[in-house]
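**Student:** I would like the atomic coordinates for the input below:
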Amino acid sequence: MVQLSRRARESSLYKTFRWDISKGQIESEALNVDYIIHLAGTGIAEKRWTKKRKEQIYSSRVNSTRLLFEELKKSGVQLKGFISASAIGFYGADSGLAEVTEDSGAGEDFISRVVLDWEKEAENFSELKIPVTKLRIGIVLSKHGGALPKLAAPIRYGVGAPLGTGKQFMSWIHEEDLCQMFKYVIEAGLEGTFNAVAPEPVSNGYFTRSCARTLNRPLFLPNIPSFALRLMFGELAELLLGGNNVSSAKIQDAGFHFEYDNVKKALKNLL
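**Tutor:** I've put the predicted structure just below:
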């Protein structure tokens, strides 16, 4: 196993090759592999969405996928599969309360345009007779970063509260299940698009209350108003105030088993 990185990582467990997406450069030896799992992408919810930040979010996903395709096309390496991370943002920042599946249409906002173009670039690998799999990943619950530490921190200090109405859906997945899903896709030879979310989407209010119970902390503040979040985060607030009720039925029907199939079990493990 090898990895691509923008920086040299001497302490890494895996051999690391360099690439520079802006310059269109990859160390050619990195492509002598059977599978590529493409996870690159600037963090969506880490900073306000300035014009520059939106360009980084877009290019880090779309341009990086295009670069891999072009380099593979030149090299003639025949992969056994290309597995691309995608996102439930495909359905838009807010697809409402109705359940969405892999057959549901794309949204019409910034994040859905990013994911739509990202997936189109991934699909190009089929032109090289390479099987393509896309995992539309939900909110990843992890001890090591991402949404959970940020959501849990105010609760730990007794100042947690649901966001907006608190009724918006959160379709999430435990980090261990996500890792196992990438492995399963390869071992089972799955192709196509699959939602990488746990079987139990929950509302933001339910998630917040579950965090508080797991941490044994009180919740007494009123919900954080939508206007306050929009003032603080700008356009990014739509991700916090919106949500997606995403089905995991397709990947389950393909034989995948979730270790963490409900949010209480996931939070107990992580918090």
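**Student:** C-alpha only now, for contacts and for neighbours.
**Tutor:** Fine.
**Student:** Could you report the distance from the closest residue to residue 159 other than its chain neighbours to residue 180?
**Tutor:** Among residues not flanking residue 159 along the chain, residue 221 sits closest, at 6.8 Å (C-alpha to C-alpha, 6 or more residues apart in numbering). Distance, residue 221 to residue 180, by C-alpha to C-alpha, to the nearest Å: 38 Å.
**Student:** Those two: which has the busier surroundings?
**Tutor:** Per other C-alpha atoms under 10 Å, whichever of residue 221 and residue 180 has more neighbours is residue 180, with 14 against 11.
**Student:** Shouldn't that one be within a helix?
**Tutor:** Yes: counting by DSSP: H, G, I helix; E, B strand; the rest coil, residue 180 is part of a helix.
**Student:** quick one: secondary structure of the residue nearest to residue 159?
**Tutor:** Recorded secondary structure, residue 221: coil (three-state DSSP).
**Student:** okay but it is in contact with residue 161, surely?
**Tutor:** Yes: counting by C-alpha atoms under 8 Å, residue 161 is a contact partner of residue 221 at 5.9 Å.
**Student:** just the helices in the chain please.
**Tutor:** If DSSP state H is used as the criterion, the helices of the chain fall at 51-75, 110-123, 147-156, 175-188, 204-215, 226-233, 237-241, 249-253, 263-270.
**Student:** what packs against the fourth one?
**Tutor:** Packed against helix 175-188 by the contact rule (3 or more C-alpha pairs under 8 Å, 6 or more residues apart in numbering; DSSP states H and E) you find strand 139-141.
**Student:** Please work out the average pLDDT along the strand it packs on.
**Tutor:** What strand 139-141 shows for mean pLDDT is 97.
**Student:** quick revisit: tell me the pLDDT at the residue nearest to residue 159?
**Tutor:** pLDDT recorded at residue 221 is 94.
**Student:** Please name whichever of the helices of the chain is nearest to residue 197.
**Tutor:** helix 175-188 (8.2 Å; C-alpha to C-alpha).
**Student:** what residues does the helix or strand bottoming out on mean pLDDT in the chain touch?
**Tutor:** When each helix and strand of the chain is scored by mean pLDDT, DSSP states H and E, strand 2-5 comes last, with a mean of 84. Contacts with strand 2-5, where a contact means C-alpha atoms under 8 Å, 6 or more residues apart in numbering, come from 14, 15, 16, 17, 18, 19, 30.
**Student:** Filter those residues down to the buried ones, PyMOL style.
**Tutor:** A single PyMOL command is used to select the members of the contacts of strand 2-5 judged buried by 16 or more other C-alpha atoms under 10 Å:
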select buried, resi 16+17+18+19+30
